[in-house]
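Chemist: Predicted coordinates and the sequence they were generated for:
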Amino acid sequence: MAWLFNARGDVPSNRPEIYRECAILMFERWDPDRDIKADVPSDFDKLHLFSSIAANMFGDPELADGVEEAWLSAEIKRYLEALYENKSQATAGTKAVVKFITGRAWVMTDVGENVFAFTHQTFLEYFFARHIDEKADSVEEVLSEIIPHVVVKEWDVVAHLSLQIKTHRSLRRQNQAIEQLIELINATSSADERMSLNLFAARALEYLNASESQVKSLVERIFNEAVENGEPNDAFLAIRHCAYCCAERRTFVRSLLLELIVSTFKKGETRQLERLARAMSSVRTGGAVKTAVIPPEIQSAAHQAVKRNVIDRSGESELFAGLAWSWYGHLTEALLRKYGIALFYNGTLEANPFFVDGLTHLVLAGSDQFSAEFPLSPEAARDALVAVGRVGFSTPVEGKQRYNKPSIRGGAPLTFWKSVLGQYKKFPEALIGVFFIFLLVSEFDADEEVSDPKANEFRSDVIETVLKSRALKKEPAYEDIARIARAPIFGQADAVEQ
């Protein structure tokens with residue numbers, strides 16, 4: 001590819017064209033550029049010959065990894081005998097081509113004693129794709145050849161290459177390909193096979209520069225399948241591929257996806273919204289943050305487009321309350337009382353690098369010490385902390401089993417809490433909320449540290465230090481706060497539920 005760039009000034013954007021140019025380079029330019037003369041007949045198409053060879057090797061487990069020189073010689077002779085009327089010409093040509101291939105052809109190379117294989121799997125796949133294109137007179141025939149393998153997750157590269165070769169620079173054929181793919185998807189009853197077709201069709205948009213109406217029909221079909229039946233790790237992956245379609249249609253497709261997302265949030269059913277929301281949310285696993293299935297540019301635009309809808313409906317269900325919190329940091333006393341503190345503990349804020357629970361995120365967002373980006377301002381975070389304090393110290397805490405275990409482990413250390421509680425003394429009402437969150441989170445840690453009396457002792461010292469705060473003592477609810485702080489925060493609720 002570097003040689004192609006130096007010779008041409010660019011590299012073809014079409015993958016089959018890249019492979020074709022590389023193959024021609026190996027056949028015709030590599031040796032002459034080194035003053036080596038290859039004694040190979042020039043009156044036949046070497047690309048077609050290698051397509052014939054690949055057609056007999058691909059998919060055969062005994063041949064795909066390499067063929068003996070005798071097999072190669074017989075295959076080339078059969079090809080040339082069908083090409084030439086003069087048998088001796090075919091025999092001489094066979095010897096010359098075999099010598100060329102086994103000597104320095106580069107497209108094939110020795111992998112053992114007198115055993116040869118395509119230098120790279122890509123060459124084998126490319127030449128086999130050319131063979132499919134050669135024997136198929138139409139897009140429909142190409143699809144008939146490849147789709148039985150696509151639905152069982154085979155021939156991925158070959159399938160795309162052969163369809164791309166057949167449709168290259170033909171709007172009519174590109175439109176036909178999308179139309180027939182939609183028909184195949186609609187006619188497939190198996191959910192797994194339909195999923196495979198969706199993924200294949202979505203990835204095909206990388207090179208199917210069809211009309212906007214055809215592209216729209218396919219993208220809408222894939223999107224509807226995802227929100228109605230899929231999960232982010234499979235169906236929504238097809239949507240992601242749609243978003244990275246060919247450059248000529250990318251702006252159009254991304255605008256369309258944004259419209260579909262907004263429309264679903266306005267009119268979609270709960271299950272559809274749940275699936276779409278998961279695909280639009282970042283995932284935290286093992287201390288790492290993985291981006292959402294929906295590409296970040298569309299995710300960000302979609303979050304802003306549905307913000308008012310989500311926040312306005314946060315009082316309707318836990319789904320909207322959780323999204324309003326995770327995406328926008330929206331948290332009120334009314335929502336806390338309606339849905340409970342666990343919902344907001346379990347939901348972590350977007351665009352946050354810290355692997356801690358949602359309420360600890362809130363503490364970080366309201367602290368002057370941390371400059372990470374949050375979906376809410378420090379002032380809004382402190383207002384939310386006031387609400388947490390009012391609800392936390394005035395209502396029973398839900399049972400511990402309602403809090404997600406992945407968030408329980410690996411929380412902020414006690415030394416952090418001692419420091420941050422000191423920082424919040426200048427915001428007494430918010431300090432109450434921070435103190436409640438500390439009691440909640442540190443009690444999880446206390447369960448893990450029963451064998452370490454120093455940790456429990458440190459926790460008790462932090463509690464007493466906070467309770468001695470002059471700012472806190474001035475609060476009307478101080479006596480209730482002190483009583484709750486000195487007892488197990490989950491004790492009463494867990495006993496009731498048990």
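Modeler: Great, that's in hand.

Chemist: domain assignment for this structure?
Modeler: Annotated domains of the chain cover 2-132, 137-305, 341-498 [automatic domain parsing].

Chemist: The residue sitting nearest the centre point of the chain in helix, strand or coil?
Modeler: Centroid-nearest residue in the chain: residue 293, 4.3 Å away (criterion: C-alpha atoms, centre = their mean). State at residue 293, reduced to three classes by DSSP: H, G, I helix; E, B strand; the rest coil: coil.

Chemist: Confirm for me that it is in contact with residue 279.
Modeler: Yes - Residue 293 lies in contact with residue 279 (C-beta atoms under 8 Å); the separation is 4.3 Å. Bear in mind the C-beta positions are built from the backbone N, C-alpha and C, glycine included.

Chemist: So which residues of the stretch 101-250 of the chain form strands?
Modeler: For the stretch 101-250 of the chain, strands defined by DSSP state E, counting those that start in this stretch occupy the ranges 108-112, 115-118.

Chemist: who touches the longest one?
Modeler: By C-beta atoms under 8 Å, 6 or more residues apart in numbering, the residues outside strand 108-112 that reach it are 65, 66, 101, 102, 116, 117, 118, 119, 123.

Chemist: Then stretch 363-378?
Modeler: So stretch 363-378 is contacted by 327-330, 349-354, 356, 361, 381-382, 384-385, 419-420, 423-424, 427, 430, 434, 437 (C-beta under 8 Å, 6+ apart).

Chemist: Could I get the average pLDDT for it?
Modeler: Averaged across stretch 363-378, pLDDT comes to 77.

Chemist: what do you get for stretch 194-210?
Modeler: On average, stretch 194-210 scores 95.

Chemist: Relative to the whole chain's centre, how far out is it?
Modeler: Centroid separation between stretch 194-210 and its chain, computed with C-alpha atoms, centre = their mean, to the nearest Å, is 16 Å.

Chemist: now swap in stretch 323-340 and tell me
Modeler: Worked out by C-alpha atoms, centre = their mean, stretch 323-340 lies 28 Å from the chain centre.

Chemist: ditto for stretch 165-175
Modeler: 28 Å.

Chemist: Show me what counts as buried in it.
Modeler: Buried positions in stretch 165-175, judged by neighbour count with 16 or more other C-beta atoms under 10 Å: 165, 166, 167, 173, 174, 175.

Chemist: Which member of those residues is positioned nearest residue 22?
Modeler: Among the buried residues of stretch 165-175, residue 165 lies closest to residue 22 (C-beta to C-beta), at 14.9 Å.

Chemist: roughly how far apart are that closest one and residue 53?
Modeler: Look at residue 165 and residue 53: by C-beta to C-beta, to the nearest Å, they are 18 Å apart.

Chemist: so where is the stretch 151-300 of the chain shaky, pLDDT-wise?
Modeler: 231-233, 283-291 (pLDDT under 70).

Chemist: How much space separates the closest residue to residue 87 other than its chain neighbours from residue 94?
Modeler: Spatial nearest neighbour of residue 87, excluding adjacent residues (C-beta to C-beta, 6 or more residues apart in numbering): residue 81 at 6.5 Å. Going from residue 81 to residue 94 by C-beta to C-beta gives 9 Å.

Chemist: Which of these two has more residues huddled nearby?
Modeler: Between residue 81 and residue 94, counting by other C-beta atoms under 10 Å, residue 94 is the more crowded of the two (21 against 16).

Chemist: quick revisit: go through the buried residues of stretch 165-175 and flag which are in helices.
Modeler: 165, 166, 167, 173, 174, 175 (DSSP state H).

Chemist: The first one against residue 129, yeah?
Modeler: Just to be clear, that refers to residue 165. Yes - contact status for residue 165 versus residue 129: in contact at 6.2 Å, counting by C-beta under 8 Å.

Chemist: list residues touching both of the two?
Modeler: Common neighbours of residue 165 and residue 129, counting by C-beta under 8 Å, 6+ apart, are residue 16.

Chemist: picking that back up, need the winner for burial among the strands of the stretch 101-250 of the chain.
Modeler: Burial of these is given as mean neighbour count (mean count of other C-beta atoms under 10 Å); strand 115-118 ranks first at a mean of 19.

Chemist: Please identify the buried residues of stretch 157-165?
Modeler: Across stretch 157-165, burial judged by 16+ other C-beta under 10 Å covers 158, 159, 160, 161, 162, 163, 164, 165.

Chemist: and of those, the nearest to residue 181?
Modeler: Nearest member of these to residue 181, counting by C-beta to C-beta, is residue 163, at 9.2 Å.

Chemist: Burial check on the residue nearest to the closest one when sequence neighbours are not counted, number of neighbours?
Modeler: Leaving out its chain neighbours, the residue that sits closest to residue 163 by C-beta to C-beta, 6+ apart is residue 142, at 5.7 Å. When neighbours are counted by other C-beta under 10 Å, residue 142 registers 25.

Chemist: just the one 10 residues further on next, same as before
Modeler: A count of neighbours around residue 152, defined by other C-beta under 10 Å, yields 11.

Chemist: can you check residue 332 too?
Modeler: Residue 332 has 18 nearby residues by other C-beta under 10 Å.

Chemist: was I right about it contacting residue 388?
Modeler: No - look at residue 332 against residue 388 with C-beta under 8 Å: they stay out of range, at 10.4 Å.

Chemist: hang on, the earlier thing: the residue nearest to residue 163 touches residue 136, doesn't it?
Modeler: Yes - in terms of C-beta under 8 Å, residue 142 counts as a neighbour of residue 136; the distance is 4.5 Å.

Chemist: got any residues that touch both of those two?
Modeler: What both residue 142 and residue 136 touch, as defined by C-beta under 8 Å, 6+ apart, is the set 162, 166.

Chemist: Excluding sequence neighbours, find me the nearest residue to residue 141.
Modeler: Using C-beta to C-beta, 6+ apart and skipping the chain neighbours, the partner closest in space to residue 141 is residue 135 (8.0 Å).

Chemist: For that neighbour, give me the pLDDT.
Modeler: Residue 135 carries a pLDDT score of 93 in this model.

Chemist: next one: the one 5 residues further on
Modeler: Looking at residue 140, its pLDDT reads 97.

Chemist: The closest residue to it other than its chain neighbours and residue 195, how far apart?
Modeler: Excluding the flanking residues, the one nearest residue 140 by C-beta to C-beta, 6+ apart is residue 180, at 6.1 Å. Using C-beta to C-beta, residue 180 is found at 18 Å from residue 195.

Chemist: With neighbour numbers in mind, choose between the two.
Modeler: Legend: neighbour count by other C-beta under 10 Å for residue 180 and residue 195, higher for residue 195 (23 against 18).

Chemist: roughly how far apart are the more buried one and residue 188?
Modeler: Residue 195 sits 9 Å away from residue 188, going by C-beta to C-beta.

Chemist: Which parts of the stretch 51-200 of the chain are helices?
Modeler: Assigned helices in the stretch 51-200 of the chain, in chain order: 69-83, 87-104, 121-135, 139-150, 156-167, 171-187, 191-204 (criterion: DSSP state H, counting those that start in this stretch).

Chemist: In JSON lines, list these along with distance to residue 311.
Modeler: Shown next, in JSON lines, are those (distance: least, C-beta to C-beta, whole Å):
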{"stretch": "helix 69-83", "distance to residue 311": "68"}
{"stretch": "helix 87-104", "distance to residue 311": "67"}
{"stretch": "helix 121-135", "distance to residue 311": "50"}
{"stretch": "helix 139-150", "distance to residue 311": "43"}
{"stretch": "helix 156-167", "distance to residue 311": "42"}
{"stretch": "helix 171-187", "distance to residue 311": "36"}
{"stretch": "helix 191-204", "distance to residue 311": "32"}
